[in-house]
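In: Sequence and predicted structure, then a few things I'm wondering about:
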Amino acid sequence: MNNLIYLDNAATTKPCAEAVAAAADAMTEHFGNPSSLHRAGLDAQLIVDGARRAIADALGVDRETIYFTSGATESNNLALRGISAAYGKRRGRIVISAVEHASIEETASALEEKGFEVARVSPRSDGRFYPEDFVNACDDKTCLLSIMRVNNENGYILPVPEVFKAVKKKFPDIITHCDCVQAFMKLKVGAKSLGADIISLSGHKIHGVKGVGAVYIKKGVRVVPIMTGGKQEKTVRSGTESVPAIAAFGAAVKKYAPTISERYDRVSALKSYLLGKISAIEGIEINSADDASPYVINISAAGKRSEIMLHYLEGREIYVSSGSACSKGAQSGVPAQFGITGKRADSALRISMSSDTTEEELDSFAEALRDGINEIRG
Ligand code: PLP
C-alpha cells in the first residue's frame, strides 16, 4: 500500500506511527484487563485514563465525562437510544438533520418504528441550514436534537453552535448531540463552544485504529446504557475496553491536537490547488461549498458513473470514494438534499485528504481524472 495515492481519508485514515507504537505497547507490555485489581490491570487502566485525558483536554471537558465505545456508530446509537430511553416517555420527539450519517439516520428510523416521532430538517434551496428551521422543528415534547458538525460526503459545515444556541434559548431542556467524527482534529471542536451535551468521536478517522470511539456526556445528562454487563466505563458502556485501540486513539489525539489550525490552513491550500487544476477539465462540477471543510471535496465527473471512474482511478493506484464509504455502494440520500440529482449525483466522487496529502498526489489525481473522462465511454 506504499505507492498508492490515498484520497479516501473520510472513510478511514492510515494509523500514524505514534498510534501503531502505542497499540503495540498495549498489546505486548500492558495487556492486562483494566478492571483487574492487580498491577497488570492498573497499568492498562493508566493507558485508558491517559487517552481519556487527551480526548477530554481536546474537547475542553472533564476527564470523567469521556466514555470509550467501539466506534462512532456505537456512540451515535448510545446518544439516540440512550437519551430516548431516559427522557422519551414524556418527550417522544427527536429532531435530526436530513443529511446525517447512517448511524444516526438508521437509528432514528428504528426509533420511529418503535413509536418515536422523528423530524428531519433539510437545507434550504441555497444548500444551507438555518438555525430557525431547527427551532421550528423542535417543541416541548422534544427530548433530543442531533446534528453533525461536518458532513462526511461533501464536507459541509453545519452551523452547530448557532443551532444549539437558538434551540436551547427556546427549549432549554432539549439534549443536544453532535456527531463530530469528520470534524475532530480537523476543526477546533469544543463542547462548550458547540453547546453540545453529547459528542461522538471515532478513532480511525484521526489516524488511530478501527474499532474504538468515544462519547462525551455532560455531567447531569442521563443516558440509559445500550450495552449492559460488567459495568465498565462507569456503567455507561459495559464490555472490556480495547486497550490497544484506546491507546492508539489517545496517541493520535496527542499528536494532532496541537496542529489543528496549521493543518487546516495546509489542507485549505491543497483544496484550492486541486480545484484550480480540475476546474479546467471539461464537465467537472464541484459539489462542495467554498466554505466546506477542506478535508472533503465532492465533485461530479462529467456524467461518468462514480463506480466506473472509481475503479478506473484504482487502476492508476488512486483511491477515492463514491458517496459515503459506509453505505457500501448504496445510493445515499444526501446529495439530493443539497440539490445534486440525476447524472450529477450518479457521477459524484468524494476526494478526502489528510494533512499528509501532497500537491504531487493531486497532480496525479487530476491527470488520471482527465484521462478517465476521455477514456470512459457513456
Ligand atoms: N459519523 C460520521 C459522520 C462518519 O463519517 C462515520 C464513518 O464514516 C461514522 C459516524 C461512523 O464511525 P465508525 O466507523 O467509528 O463507526
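Out: Perfect, thanks for sending it.

In: switch to C-alpha atoms for all contacts and neighbour counts from now on
Out: Noted.

In: who touches S146 in this structure?
Out: 94-97, 176-179 (CA atoms under 8 Å, 6 or more residues apart in numbering).

In: swap the cut-off to 6 Å and go again
Out: 96, 176-178 (CA atoms under 6 Å, 6 or more residues apart in numbering).

In: In terms of helix, strand or coil, where does it fall?
Out: Three-state assignment for S146 (DSSP: H, G, I helix; E, B strand; the rest coil): strand.

In: And Y67, by the same measure?
Out: On the three-state scheme (three-state DSSP), Y67 is labelled strand.

In: and the stretch 151-300 of the chain, which residues reach the ligand?
Out: Neighbours of the ligand within the stretch 151-300 of the chain, by CA under 6 Å from any ligand atom: 151-152, 179, 181-182, 202, 213.

In: Which members of these occur in strands, if any?
Out: Within these, residues falling in strands by DSSP state E are 179, 202, 213.

In: For T358, state which of those residues is nearest.
Out: Among those, S202 lies closest to T358 (CA to CA), at 24.6 Å.

In: The closest one contacts T73, correct?
Out: No: between S202 and T73 there is no contact, the gap being 8.4 Å when judged by CA atoms under 6 Å.

In: Of the two, which one has the most company?
Out: Summary of the neighbour comparison: S202 and T73, criterion other CA atoms under 10 Å, with S202 having more neighbours (30 against 23).

In: Serialize the residues of the stretch 151-300 of the chain next to the ligand to CSV and add fields for pLDDT and distance to N287.
Out: Formatted as CSV, the entries for these read as follows, by pLDDT from 0 to 100; distance: CA to CA, whole Å:
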residue, pLDDT, distance to N287
N151, 98, 12
N152, 97, 13
D179, 99, 22
V181, 98, 21
Q182, 98, 17
S202, 98, 25
G213, 98, 29
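
In: Of all pairs in these, which one is the farthest apart?
Out: Across these, no pair lies farther apart than N151 and G213, at 17.8 Å, counting by CA to CA.

In: which SS class is D290?
Out: When the structure is split into helix, strand and coil by three-state DSSP, D290 lands in coil.

In: Give me the distance from the helix or strand hosting V95 to the chain's centre.
Out: Mapping V95 onto the secondary structure by DSSP states H and E places it in strand 93-97. Using CA atoms, centre = their mean, to the nearest Å, the mean C-alpha position of strand 93-97 is found 18 Å from that of the whole chain.

In: Likewise for stretch 163-175?
Out: Centroid separation between stretch 163-175 and its chain, computed with CA atoms, centre = their mean, is 23 Å.

In: same thing with stretch 302-315?
Out: Counting by CA atoms, centre = their mean, stretch 302-315 is centred 25 Å from the centre of its parent chain.

In: Much appreciated, bye for now.
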